[in-house]
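> Prediction below, plus the sequence it came from.
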Amino acid sequence: MDKLPVLQKLASTKGSLAKIFKAISDPPTTSLQRLKGLTTGGLPTFIDVGNSFGAPAIVEDNLIYQLVQNGKRVVMMGDDTWLQLFPHHFEKSYPFPSFNVKDLHTVDNGCIDHLLPSLYEEDWDVLIAHFLGVDHAGHIFGVDSTPMIEKLEQYNGVLENIIEVLESQSGPGGLHENTFLLVMGDHGQTLNGDHGGGTAEEVETSIFAMSLKKTPSSLPPELNGSFCEPHLDKEKMCINSIQQLDFAVTISAMLGIPFPFGSIGRVDSELYALGSGTLNLESINLGTCRTRWNIQSWMRDYVNVLCINSWQVKRYIDAYSASSVIGFSSEDILHITNIYTQAEESWSHTIKNWLLDKNESCDTILRFKSQIDAYSNFLASVAELARSKWTEFDLKMMGVGLSIMLITLVIQFLGIKRINRTCGVYFPFPGDSWTSFGLILSIFIVMIRACSFLSNSYILEEGKVAIFLLATTGILKFRNSILKNKMLLEAVVFLLLVFILRLAIEIGLSKQAFSSGLTTIPVWMYIAEIVPVLALVLLAYLLYRSIDDSACWLQKFVISGTILSYALIAVHWTVESKLVSTSLMLQGFGKGLIPRIIYAIGIGQLLMLALGRLFCKERALDSRKGLILKVVAMLSPWSSTVIMISGKQGPLVALASIIGDWCIMRLENLEHESKDGSIGTLSLSPLSVAQWSLLAVSLFFCTGHWCAFDGLRYGAAFVGFEDFILVRQAILLTIDTFGFSILLPIFGLPFLVAIQYPSIQSNQRKRFIFTQLSRAYLIYGLITATTVTFTVICVTIQRRHLMVWGLFAPKFVFDVVGLLLSDCLILLSSLYYSS
């Protein structure tokens with residue numbers, strides 16, 4: 001609110017009928033759920049997050065429906081989500097596309113063009129203008145960025161114009177004599193500018209309310225019971241709190257329309273009093289027993305409103321309990337019924353006393369205040385009960401799901417055990433102490449990470465837990481290198497990389513705040529522009545070195561195409577760079593066309609690899625180099641797309657992944673060398689696969705992601721595109737989210753197998769490599785499934801936890817999506833590499 005001084009000035013002006021409320025919402029705080037909560041008066045449904053990019057029409061009773069049913073003309077402009085939720089409700093509508101988070105101006109400019117002219121017209125009763133620039137600026141640039149400040153300054157100018165028009169026509173008989181202005185946000189934002197979770201920054205926002213009615217002169221100013229503090233040149237600004245759950249019923253009461261049937265909120269006294277042209281009557285100085293007929297009249301009216309409010313909520317709770325399969329327990333129903341009955345009996349008694357003793361002003365006010373407390377207690381009890389037990393959890397189906405997960409773990413374990421038997425002599429001998437220790441250690445590490453999901457604190461620090469466990473394995477490998485006096489360089493490099501990743505995770509969690517302060521430093525600006533390009537050049541060089549005479553022409557063609565894509569990415573970044581001035585035509589080409597060309601090249605490369613067996617008869621499993629080339633050929637088209645979508649951090653993360661994987665492979669070789677330097681046993685160590693998995697998890701958090709909806713980088717879905725198409729943008733967002741943590745690690749896992757080619761006959765070698773590939777993928781899948789199983793156990797146990805929607809449910813969604821994606825990619829990889 002500091003960037004909207006016009007609102008602060010009005011709220012701090014003495015005698016002004018304007019107030020600022022701190023509005024508190026219920027998580028999750030995605031826009032669709034908040035709009036549904038604001039209009040229905042119900043608690044958000046977590047599954048609605050899946051509809052955030054394609055919202056279905058609201059079918060339950062809601063504020064907009066009641067407005068239309070009672071003859072109110074509603075005009076909407078701005079975010080087109082309103083038109084999806086309420087397709088046939090508006091007298092007029094001016095929707096604008098809202099899903100391109102890189103577009104800060106289209107929706108806002110559309111609102112501005114239609115809003116001010118509409119204020120001079122008489123064809124509406126309720127006017128909704130939904131601006132989006134601040135939301136998009138937060139997602140892309142962060143809350144402390146220059147575009148955010150510019151947007152808020154623009155809004156301040158718009159609000160000044162709106163208030164000027166309203167006040168100029170607010171006199172007796174004026175067009176806006178009875179107009180009530182609300183300026184509000186549907187959710188807050190984190191420091192990164194994201195939202196969706198349940199932190200204080202995300203659930204807390206503001207509501208500015210202003211009535212253009214004149215305050216009755218008979219009401220003294222001491223009736224205002226708001227919390228006030230000095231602000232704006234020592235002027236006092238008073239701030240109240242309101243639950244967004246209460247918004248729908250409060251506006252319904254102010255407009256004189258029925259409450260939405262499914263609402264469980266309470267008519268807020270402060271906002272209701274402001275809307276009726278009176279001051280706050282919640283806190284009254286009762287030390288002076290003076291006759292206040294206007295106070296009694298208002299309080300009686302407010303109690304009547306609460307009486308209807310409570311009756312509606314009780315009716316809904318009874319209908320819900322009767323129709324729901326589970327509903328509330330009989331004890332809960334009895335408890336709230338008793339509270340409601342006591343409130344009703346108290347109101348009947350209060351009315352009788354008021355009719356008999358109208359002259360006892362002080363006692364009447366006390367009784368009315370007591371009655372307000374009684375109804376408020378009932379409504380608060382219902383809201384608390386709904387928040388704690390609203391969602392219906394089918395324990396039987398949850399048990400079935402958990403049983404299926406446990407069965408899959410057993411099947412994968414038995415599959416690994418069977419492969420161990422079929423591989424015979426190539427697997428470790430029982431006397432190999434390091435292998436036995438490595439197996440025990442890998443199990444221990446996987447179980448430690450899985451069990452950490454049972455704690456909300458460890459879920460919040462999941463990236464740091466993963467990097468700590470990865471560092472633990474690195475230290476043990478370093479110890480083994482010292483004992484054998486081999487590969488010390490690889491062990492040291494791996495530990496240094498883990499240290500850098502740990503710093504990157506810390507920066508990734510606060511990336512906007514970190515980068516915004518450094519972009520103003522000239523040296524950092526040059527480093528931020530040049531280093532990613534140099535990293536891209538190094539990646540292209542490594543790809544070029546991977547091509548040799550043994551490569552099939554198709555593989556050479558695919559790898560060359562990726563090198564071309566890298567060059568196009570460098571051009572794209574150069575065009576977008578602030579350090580280089582380019583023409584508008586070149587900027588348009590670099591911004592929109594180059595990413596699409598890269599996507600097209602990647603799709604073409606994958607199609608060629610899929611059909612490669614028809615054109616190129618390589619013998620991948622018969623030679624170590626052949627398998628490596630096949631892995632490189634598969635990774636190269638994916639890498640260009642992932643880097644393009646990930647932005648300038650992409651090449652650096654890709655290099656970190658390559659270095660980490662190289663160290664894991666080299667140190668894996670160390671375990672198979674016997675004392676005389678020859679190759680001994682050729683079993684793939686489970687510890688190396690566990691390290692591969694931990695590195696992938698660490699890269700997920702290094703790229704600024706985390707397991708919450710505010711951890712998604714929505715801007716990545718629009719790299720190369722301006723318009724919104726659900727499937728296309730969902731694919732791009734998925735690639736950005738899981739590219740470095742699932743997609744590339746799974747397709748690159750055969751590198752661990754490629755280092756173990758034995759000196760045996762070709763037909764036996766092919767069988768050996770195939771079984772080793774199967775074993776590697778089964779171990780990787782088992783590790784992933786184990787962690788997801790513990791996530792399922794966690795959300796089952798914590799289903800009534802305070803943070804279930806803000807933390808546990810998003811974690812569950814991310815892990816389940818990741819598991820499904822991992823299984824699909826493992827299947828595709830197995831088919832590709834075994835062909």
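It's in. Numbering: from 1, shown residues only.
> thinking I598 is in contact with A570, fair?
No - using C-beta atoms under 8 Å, I598 makes no contact with A570, being 11.3 Å away. C-betas here are computed from N, CA, C, even on glycine.
> More neighbours: those two, which one.
Taking neighbours as other C-beta atoms under 10 Å, I598 and A570 compare with I598 leading, 26 against 18.
> next helix or strand past the helix or strand hosting the more buried one?
In this assignment (DSSP states H and E), I598 forms part of helix 594-610. Remark: after helix 594-610, the chain's next helix or strand is helix 624-646, criterion DSSP H and E.
> and the angle for that following helix with helix 594-610?
150 degrees (axes from the mean of the first three to the mean of the last three C-alpha atoms, to 10 degrees).
> Determine how far helix 624-646 lies from the middle of the whole chain.
Distance of helix 624-646 from the chain centroid (C-alpha atoms, centre = their mean, to the nearest Å) equals 29 Å.
> for the stretch 201-350 of the chain, which spans come out with low pLDDT?
Within the stretch 201-350 of the chain, the segments meeting pLDDT under 70 span 214-238, 277-294, 324-327.
> just checking, what packs against the longest helix along the chain?
For the chain, the helix that runs over the most residues, judged by DSSP state H, is helix 762-797. Other elements packing on helix 762-797 under the criterion 3 or more C-beta pairs under 8 Å, 6 or more residues apart in numbering; DSSP states H and E are helix 395-423, helix 433-452, helix 686-702, helix 750-754, helix 809-834.
> Of all the ones you listed, which one is nearest P27?
Closest to P27 of the helices and strands packed on helix 762-797, according to C-beta to C-beta: helix 809-834, at 9.1 Å.
> quick one, that closest one and helix 395-423 angle?
For helix 809-834 against helix 395-423, the angle by the same axes, to 10 degrees is 30 degrees.
> Now do I783, the pLDDT please.
I783 carries a pLDDT score of 95 in this model.
> Run a quick neighbour tally on the closest residue to it other than its chain neighbours.
Leaving aside its sequence neighbours, I783 sits nearest to S693 (C-beta to C-beta, 6 or more residues apart in numbering; 4.9 Å). Under the neighbour criterion other C-beta under 10 Å, S693 is assigned a count of 28.
> my guess is S693 contacts G781, does it?
No - the pair S693 / G781 is not scored as a contact, 10.0 Å apart, by C-beta under 8 Å.
> Please list all residues in contact with Q154.
Counting by C-beta atoms under 8 Å, 6 or more residues apart in numbering, Q154 makes contact with 108, 133.
> scratch that, E201 is what I was asking about
188-191.
> element containing it, please.
Under the criterion of DSSP H and E, E201 resides in helix 200-203.
> The helix or strand just after that helix packs against which elements?
Counting by DSSP H and E, the next helix or strand C-terminal to helix 200-203 is strand 204-211. Other elements packing on strand 204-211 under the criterion 3+ C-beta pairs under 8 Å, 6+ apart are helix 5-12, strand 18-24, strand 180-184, helix 269-275.
> I628 is nearest to which of those?
Distance to I628, taken as C-beta to C-beta, is lowest for strand 18-24 among the helices and strands packed on strand 204-211, at 56.3 Å.
> Need the contact partners of the closest one.
Against strand 18-24 from outside (C-beta under 8 Å, 6+ apart): 1, 7-8, 10-11, 184-185, 203-211, 226, 237-244, 247, 270-271, 274.
> can you pull the buried residues of it?
18-21, 23-24 (16 or more other C-beta atoms under 10 Å).
> Return that strand as PDB; C-alpha atoms alone will do.
Only the C-alpha atoms of strand 18-24 are listed here, as PDB (Å, rounded to 0.1, in the frame of the first residue of the first chain):
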ATOM      1  CA  ALA A  18     -12.600   5.300   3.800                       C
ATOM      2  CA  LYS A  19     -10.800   2.400   5.500                       C
ATOM      3  CA  ILE A  20      -8.100   0.000   4.700                       C
ATOM      4  CA  PHE A  21      -8.700  -3.600   5.700                       C
ATOM      5  CA  LYS A  22      -6.100  -6.400   6.000                       C
ATOM      6  CA  ALA A  23      -7.800  -9.200   4.100                       C
ATOM      7  CA  ILE A  24      -6.900 -12.800   5.000                       C
END
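> Now do that strand: distance to the chain's middle.
Computed by C-alpha atoms, centre = their mean, the separation of strand 18-24 from the middle of its chain amounts to 25 Å.
> now swap in stretch 367-384 and tell me
For stretch 367-384, the distance to the chain centre is 35 Å (C-alpha atoms, centre = their mean).
> Show me the contact partners of that stretch.
Contact partners of stretch 367-384, identified using C-beta under 8 Å, 6+ apart, comprise 243, 245, 264-266, 269, 284, 286, 296, 299-300, 302-303, 306-307, 309-310, 313-314, 317, 335-336, 339-340, 342-343, 346-347, 350, 353-354.
> before we move on, what about stretch 168-184?
Residues from elsewhere that reach stretch 168-184, judged by C-beta under 8 Å, 6+ apart: 7, 23, 119-120, 122, 159, 162-163, 165-167, 205-213, 254, 275.
> So which residue is smack in the middle of the chain?
Relative to the mean C-alpha position of the chain, the nearest C-alpha, by C-alpha atoms, centre = their mean, is the one of F709, at 1.1 Å.
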